[in-house]
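Undergrad: Starting from these lines, generate the structure:
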Amino acid sequence: MTGADILRELTIALGAGLAGGLVARSLRLPTIVGYLVAGVAAGPAGLNVVRDLDTVTSMAELGVALLLFALGVELSLRSLRQGKLAALVAAPTQLALSVGLGYGLGELLGWGFNPALILGFALALSSTMVVVRLLGDRGELHTNHGRLMIAVLLVQDLAAVLMVGVLPFLAGTSAMGLAALGGLLIKGLIFLLGVFVLAHWLVPALLRVVARSYNKEVFVALAAMLCFGGAFGAHYLGFSLALGAFVAGLVLGESDYSHEVLADITPLRDLFGMVFFVSLGLLFDPASVLDHPAWALAILAAVVAGKAAIVVAACLLARFHVRSALVAGLGLANVGEFSFVVATVAFSSGLITREHLSLVQAVAAISLLLSPALFGAGGALYRRLRLVAAADEQLAREELRDLPQGCAEREAFVLLCGYGRVGRHVGETLLEDGEHFAVVDFDQGVVAELRSRGTPAFYGDAASWRVLEAAGAERCCLAVLALPDAITTRLAIRALKRVNPHLAVLARVHPTEEIDPMYREGADEVVQAEFEASLEIIRHTLLHLGREPAAAQARVDAVRRQRYLALRRRDRPDDAG
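TA: Purely as a prediction, here's the structure:
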């Protein structure tokens, strides 16, 4: 293809993604849904205006690499260590059971050994790109279930490499396959050694040199080079592009320049990420579904119901909280981009027919279209369980089983619900000031860490009045809610007021439309994180302009009062006038 042809395909893909994203946002749907539907509309199943799918798919690989690179920068190795329980227990369990589910279904459909096993491989892998994008859009990357899902996804991506390595065995070339697997292990060691050298010597030195140049363009070029260089290096050694880009991001995430790299690479990530989602829509083939509707429905049911149940069971086996397990189970109930890779390689090796390949691609596309709705259903399902008396009783017994005895017996202490990025800062400040506090969180690692330091910590859901009662909510002087989502925060306020109607409650929110509902539930003070950050910037601006500290603070307090009052009036138009 000529350069003009490539530009034509890229322009159509971007235009379709832009239109789909705008429609999705106007309907208050995740933009991913708009991108996928736009791809279906522009592809062979719709208007068929994209002539060369391979060109768009090649461009989409850049989006995969950039997304995984940015994820690695944002998470860093330190944060990944918090998901080790998921990696050691939940992820392998989920992989084994999902492969078994897919294989059993394939045999039941009469596909035979090889196609059934390939179906198991495809079903076991979830979409790293879709899940990470959904977590990022919802601001849940650093939540307990966010770290859990990412740990499972990383193990899945590593397993995809082994799955591709096993395919020569299935194709009847076992001797060559054995040699290939041995070579793959050697290359893996070489790759890890190269990563170690880059992380400890070469990359830090490069970053220091470029940072001293004070040239933003050069810094962006370095970040992109490391991203694509890591992806190519992994591909050259036989691993996936996405895995190499992610590892490159992890290397940069350990440096002092990680935030600058993330800010510079984000526009490129979002641009090519749109192309990736549009390309998934282009691959949708309705004919394979229409020709075998029973097969398609059976596979889709195995993904949505069977795989979700397997993930939930694996997470509960790893002793994660029920809510985290449910959110992870439904959030990972899809077929991922690496499933396309495995299925395509299997087709090229003669292990499956084109009919099998098209069916896997179609079901994968449908599952990705359903992903945003399924992702949001986990929390809703958990809340419904708590409304059922028997289920609520069982959940309460699980949460109360390991609570420490004799904690939080003193009067006048702070009950801190949620010990993530915000809650940790609050707790550390209280500790430095000699204030007594107790913590409620459903992250086992956080609870164990706090208990080892002598801080009363309670494993459980802050929206459960039984857990709050056990934590001493009826005796504390203040409850601070630093929870990751608005619905849980509202339910926690309701539960706190049930246990202690006169308790002062301080809550944080992200969306402005949640401020008034929090007050209606009984919160005494609601803090919107982004707005409070802007107030601090205003205060520093006034100080630099020569205002007295007291005058600057008074001005900030006035802006705060006016803003929150205006927001509450806007959310309650009937009260105006």
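
Undergrad: For the closest residue to Gly43 other than its chain neighbours, grab the count of nearby residues.
TA: Of all residues not flanking Gly43 in the chain, Leu282 sits nearest, at 3.7 Å (Cβ to Cβ, 6 or more residues apart in numbering). C-beta here means a position set from N, CA and C on the backbone, and glycine is covered the same way. Leu282 sits with 27 neighbouring residues when counted by other Cβ atoms under 10 Å.

Undergrad: quick one: contacts for Leu282?
TA: 13, 39-40, 42-44, 50, 53, 56-57 (Cβ atoms under 8 Å, 6 or more residues apart in numbering).

Undergrad: got a markdown table for those, with distance to Ile265 too?
TA: Conversion of these to a markdown table gives the following (distance: Cβ to Cβ, whole Å):
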| residue | distance to Ile265 |
| --- | --- |
| Ala13 | 20 |
| Gly39 | 24 |
| Val40 | 29 |
| Ala42 | 27 |
| Gly43 | 28 |
| Pro44 | 33 |
| Val50 | 27 |
| Leu53 | 27 |
| Val56 | 21 |
| Thr57 | 22 |
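
Undergrad: Could you identify the longest helix within this structure?
TA: Scanning the chain for the helix with the most residues, using DSSP state H, yields helix 354-387.

Undergrad: Buried ones in that one, by neighbour count?
TA: Buried residues in helix 354-387, counted by 16 or more other Cβ atoms under 10 Å: 356-372, 374-375, 377-379, 381-383, 385-386.

Undergrad: Stretch 316-329 too?
TA: Going by 16+ other Cβ under 10 Å, stretch 316-329 has these buried residues: 316, 318, 320-329.

Undergrad: just those now: which is nearest Pro511?
TA: Val327 (18.7 Å; Cβ to Cβ).

Undergrad: for the stretch 401-550 of the chain, what are the low-confidence residue spans?
TA: 401-412 (pLDDT under 70).

Undergrad: tell me the helices in it, going along the chain?
TA: If DSSP state H, counting those that start in this stretch is used as the criterion, the helices of the stretch 401-550 of the chain fall at 421-432, 444-452, 465-470, 486-499, 515-521, 529-544, 549-571.

Undergrad: Over to the stretch 201-350 of the chain?
TA: Under DSSP H, counting those that start in this stretch, the stretch 201-350 of the chain gives helices at 203-212, 216-236, 241-253, 258-282, 286-291, 293-301, 308-317, 322-331, 337-348.

Undergrad: Dump those into CSV; add distance to Thr143 and mean pLDDT as well.
TA: Converted to CSV, the helices of the stretch 201-350 of the chain look like this (distance: least, Cβ to Cβ, whole Å; pLDDT from 0 to 100):
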stretch, distance to Thr143, mean pLDDT
helix 203-212, 29, 75
helix 216-236, 26, 79
helix 241-253, 18, 76
helix 258-282, 19, 77
helix 286-291, 35, 77
helix 293-301, 28, 91
helix 308-317, 14, 92
helix 322-331, 8, 88
helix 337-348, 23, 76
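
Undergrad: Of all those helices, which one is nearest Asp524?
TA: helix 322-331 (25.8 Å).

Undergrad: pull the CA atoms of that closest one into CSV?
TA: This file holds the C-alpha atoms of helix 322-331, laid out as CSV (Å, rounded to 0.1, in the frame of the first residue of the first chain):
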residue,chain,number,x,y,z
VAL,A,322,-16.6,-10.9,48.2
ARG,A,323,-17.1,-7.5,46.6
SER,A,324,-13.6,-7.6,45.1
ALA,A,325,-14.2,-11.1,43.8
LEU,A,326,-17.5,-10.2,42.2
VAL,A,327,-16.2,-7.1,40.5
ALA,A,328,-13.2,-9.0,39.2
GLY,A,329,-15.3,-11.9,38.1
LEU,A,330,-17.6,-9.9,36.0
GLY,A,331,-14.9,-7.4,34.9
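
Undergrad: Excluding its own residues, what touches it? List them.
TA: 131, 134-135, 144-145, 148-149, 152, 307-312, 315-316, 320, 371, 374-375, 377-379, 381-382, 385, 395, 398, 442, 461.
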